[in-house]
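Engineer: Provided below are the primary sequence and the corresponding predicted coordinates.
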Amino acid sequence: CYLDGTGVPQDSKCGLAWLQAAFQYGNDAEAAHETALIYEYGRHGIEVDVVAAAQWFERAAEQGNVESMTELGLCYELGCGVEQSDEKALDWYTKAANLGNPTAKFSVGEIFEEARGVPQSDEEACLWYYRAALVGDEDSKAALRRLYDIARIILPGVAEILNV
C-alpha cells in the first residue's frame, strides 16, 4: 500500500521497509523477490542498487522462489551485484529449471552450448532447449532450429514442436 499510495500516503521507503520485514519476520519469499525487483529496476522512486537486488534475489531463492533463482543465476552469469561465477549461475539456473522455469531451462542450454564452465555439449544443450520449447519458449525453439542437425537425432519428435 505504501509503495503506490493505496489507502495511505505514498511512502516508498516505508513500503520497502514493510516488504523487508515481511521476509525477515515471516519468511515471505515473494516479499524478498519484490524487494529485489524494486532495487534492480529502481521502482517506486528507490535508487537502483544491483548489489542489494542480488542479495534479495538470493534470500528469496534460498526460500524457494523460482523466479528469484532464475534472476540470481543471471546475476552470477553477468557478474551483476555479485562476483561473476559460471558455476553458481549454472547451479541456480538448474535449480529453477528443475522446478519448471522455461527461461532457466533455456539458460542451462546456453551454458552447455557455449561451454561456460562446463564441457561444450550441443547434445546437452538440445535437451535443455527441448524442455523449454515444450512449454512454448520461443528462444529455445530458435536454438533447436539452429542445432536441428543434432536435435533431430537425439530428440525424436522435435520436428513437430518446431513445425519443420
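Structural biologist: Sure thing, it's come through.

Engineer: ok, now which ones touch Asp49?
Structural biologist: Taking C-beta atoms under 8 Å, 6 or more residues apart in numbering as the criterion, Asp49 is in contact with Tyr39. In short, each C-beta sits where N, CA and C put it, glycine included.

Engineer: again, only this time at 10 Å
Structural biologist: Ala36, Ile38, Tyr39, Glu40, Gly42, Gln55, Trp56, Gly81 (C-beta atoms under 10 Å, 6 or more residues apart in numbering).

Engineer: Need the nearest residue in space to Arg116, chain neighbours excluded.
Structural biologist: Counting by C-beta to C-beta, 6 or more residues apart in numbering, Asp86 is the residue found nearest to Arg116 once chain neighbours are left out, at 4.5 Å.

Engineer: err, Leu72, not the other one
Structural biologist: Phe57 (4.3 Å).

Engineer: Kindly indicate whether the one you found is helix, strand or coil.
Structural biologist: Under DSSP: H, G, I helix; E, B strand; the rest coil, Phe57 falls in the helix class.

Engineer: Now the two most distant members of the contacts of Asp49.
Structural biologist: Farthest-apart pair in the contacts of Asp49 is Gly42 and Gln55; separation 15.9 Å (C-beta to C-beta).

Engineer: quick one, which of those two is more surrounded?
Structural biologist: The neighbour comparison of Gly42 against Gln55 (other C-beta atoms under 10 Å) goes to Gln55, with 19 against 13.

Engineer: Would you mind confirming that the more buried one is in contact with Glu40?
Structural biologist: No: when contacts are counted by C-beta atoms under 10 Å, Gln55 is not listed as touching Glu40 (11.1 Å).

Engineer: who touches both of those two?
Structural biologist: Any residue near both Gln55 and Glu40 by C-beta under 10 Å, 6+ apart counts here, and that gives Asp49, Cys75, Gly81.

Engineer: Just the pLDDT at the residue nearest the centre of the chain, thanks.
Structural biologist: Closest residue to the average C-alpha location of the chain: Thr70 at 1.8 Å, with C-alpha atoms, centre = their mean. In this model, Thr70 is scored at 98, pLDDT.
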